[in-house]
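Q: For reference, the sequence and a predicted model appear below.
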Amino acid sequence: MQLFIGGAFSGKRNIVRKRHPGKLSWLSSYDGRAVTEWKSCWEDHATLVLEGWEKWLEDAIIQENDDDAVRKTFRNHFHYLMKEEQKREEEVVLVMLEMGRGIVPMDSHYRRVRDLSGWVAQDAASLAREVHYVWHGVSERMK
């Protein structure tokens, strides 16, 4: 599993496409799709790319008040994706928005999204085989 993380409009998508020039199965929360839809959209002989984790996270915290339970749910997603990645012998790429360098929101809901986003990104980074930080269209491998 690989993680590409960076700020909004930093060039994450372009970097992923350059590093994975083959067939991509792209699942995005920005298209209104649920994180669980990866099972039906992951085509054979393709790299699975999942983006928009902050939106999936926001949806999850609306339904669950316990931050630890939300974080555990996402960690379970990562573990399941890694098992499926090994089974299929195909790559999983997570594209995440770095939210920790901006202004801290005054609204408690958005602070919660920001905080949980950071914790979930830490979990993804600890599990990922490679971690790339992207800014201004440039990627640096961190792990």
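A: Nice, thanks for sending it over.

Q: Where do the helices of the protein begin and end?
A: 12-19, 38-41, 53-63, 67-88, 108-127 (DSSP state H).

Q: Of all the ones you listed, which one is nearest V134?
A: helix 12-19 (4.7 Å; Cβ to Cβ). Glycine gets a C-beta too; all of them are placed from N, C-alpha and C.

Q: In that closest one, which of the residues would be classed as buried?
A: Neighbour-count burial for helix 12-19 flags K12, R13, I15, V16 (criterion: 16 or more other Cβ atoms under 10 Å).

Q: Could you check how many residues crowd around E64?
A: 14 (other Cβ atoms under 10 Å).

Q: Repeat that for D31.
A: As a burial measure, D31 scores 10 neighbours (other Cβ under 10 Å).

Q: which other residues reach stretch 51-67?
A: Residues outside stretch 51-67 that contact it (Cβ atoms under 8 Å, 6 or more residues apart in numbering) are 12-13, 26-30, 34-35, 70, 73-74, 94-97, 99, 109, 112-113, 115-117, 119-121, 124.

Q: er, stretch 69-83 I mean
A: Identification of contacts with stretch 69-83 by Cβ under 8 Å, 6+ apart yields 1, 35, 38, 48, 50, 53, 57, 60-61, 64, 92, 94, 116, 119-120, 123-124, 127.
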